[in-house]
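Asks: Below is the structure, and that's it, no one-letter string:
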């Protein structure tokens with residue numbers, strides 16, 4: 001059996017991996033105060049993936065929200081064993097939450113989607129089907145036509161484009177993508193084996209593109225929407241962590 005701890009950031013906790021057949025796909029949904037969205041997110045993900053007839057699991061990683069998210073997910077999990085939740089205490093950071101979820105799965109294909117419904121779950125089947133063409137990484141892309149961020153204001157669109165341009169020099173020739181900062185993608189586990197991923201920050205995809213064993217990548221366009229409920233977690237710390245990631249990747253070149 002493959003050692004799932006190889007892609008872990010920090011020590012593995014005591015939560016066991018459920019017995020049974022190894023899932024083909026594990027989708028991690030990081031949450032922080034997303035009680036108003038999580039039920040709809042899980043319903044739409046399951047409705048999107050069920051017609052594919054694949055063995056999948058949905059892993060909610062909650063950063064100790066204490067807003068009802070845990071009880072909502074546990075109630076759903078009682079009816080659907082493919083759904084489970086892991087609660088991290090005294091930890092923050094989207095990248096760390098994603099890695100935490102991945103290391104608690106044995107699935108060959110690992111994915112991530114936001115819990116605020118800005119990432120439409122209905123794109124997941126296209127990501128999966130594209131992955132079956134043999135790609136190591138498939139990205140839901142805001143910058144691949146006809147995708148976009150039509151409902152975003154001008155300032156947010158400008159900041160997103162600047163951040164994306166800053167990432168360009170770090171991408172490897174031959175696998176450069178238009179949306180290296182997307183938070184919605186699927187990646188093969190073998191591409192991450194032995195790779196230490198950052199425990200902080202929000203932009204884990206760029207690190208995967210730089211450090212992962214990615215031989216083939218594809219982008220699937222989607223329109224990035226507006227948050228359905230709750231409040232955004234983005235702020236000055238988001239930009240600060242991103243600049244720190246760029247600095248670290250530059251030093252490791």
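Replies: Thanks, I have it. Everything quoted here is computed from the prediction, not taken from an experiment.

Asks: helices or strands next to the worst-scoring helix or strand of the chain on mean pLDDT in the packing?
Replies: Least confident helix or strand of the chain, by mean pLDDT, DSSP states H and E, is helix 236-251 with a mean of 74. Packed against helix 236-251 by the contact rule (3 or more CB pairs under 8 Å, 6 or more residues apart in numbering; DSSP states H and E) you find helix 154-167, helix 204-211. (Each C-beta comes from the backbone N, C-alpha and C, glycine too.)

Asks: Show me what the helix or strand hosting residue 41 is packed up against.
Replies: Taking DSSP states H and E as the definition, residue 41 sits inside helix 38-49. Applying 3+ CB pairs under 8 Å, 6+ apart, we find helix 38-49 packed against strand 25-31, strand 56-62, helix 69-79, helix 124-131.

Asks: What are the buried residues along the last one?
Replies: Burial within helix 124-131, assessed by neighbour count using 16 or more other CB atoms under 10 Å, is assigned to 124-125, 127-128, 130-131.

Asks: want to throw those residues into TSV with distance to residue 98 and pLDDT?
Replies: Converted to TSV, the buried residues of helix 124-131 look like this (distance: CB to CB, whole Å; pLDDT from 0 to 100):
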residue	distance to residue 98	pLDDT
124	16	98
125	21	98
127	16	98
128	18	98
130	20	98
131	17	97
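
Asks: want to throw the residues you listed into CSV with distance to residue 77?
Replies: Output for these, formatted as CSV (distance: CB to CB, whole Å):
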residue, distance to residue 77
124, 19
125, 23
127, 24
128, 22
130, 29
131, 26
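
Asks: Pick out the residue closest to the middle of this structure.
Replies: Centroid-nearest residue in the chain, with CA atoms, centre = their mean: residue 112, separated by 2.5 Å.

Asks: shouldn't that residue be in contact with residue 30?
Replies: Yes - Residue 112 lies in contact with residue 30 (CB atoms under 8 Å); the separation is 7.2 Å.

Asks: how many other residues sit next to the closest residue to residue 190 other than its chain neighbours?
Replies: Nearest non-adjacent residue to residue 190, counting by CB to CB, 6 or more residues apart in numbering: residue 213, 7.0 Å away. Applying other CB atoms under 10 Å, we find 14 residues neighbouring residue 213.

Asks: From the rest of the structure, what touches the least confident helix or strand of the chain?
Replies: 93, 163, 166-167, 170, 198, 200-203, 206-207, 210 (CB atoms under 8 Å, 6 or more residues apart in numbering).

Asks: Try it again at 7 Å.
Replies: 163, 166, 170, 198, 200-203, 206-207, 210 (CB atoms under 7 Å, 6 or more residues apart in numbering).

Asks: Out of those, which comes closest to residue 24?
Replies: The nearest member of these to residue 24, counting by CB to CB, is residue 207 at 24.4 Å.

Asks: Wait, the closest one touches residue 197, no?
Replies: Yes - between residue 207 and residue 197 there is a contact under CB atoms under 7 Å: 6.1 Å.

Asks: do you know how far residue 162 is from residue 145?
Replies: Taking CB to CB, to the nearest Å as the measure, residue 162 falls 20 Å from residue 145.

Asks: quick one, what contacts residue 185?
Replies: Taking CB under 7 Å, 6+ apart as the criterion, residue 185 is in contact with 111-112, 137-140, 205.

Asks: And residue 101, by the same measure?
Replies: 28, 59, 61, 86.

Asks: change it to 10 Å
Replies: Going by CB atoms under 10 Å, 6 or more residues apart in numbering, residue 101 touches 26-30, 57-61, 84-86, 88, 110-112.
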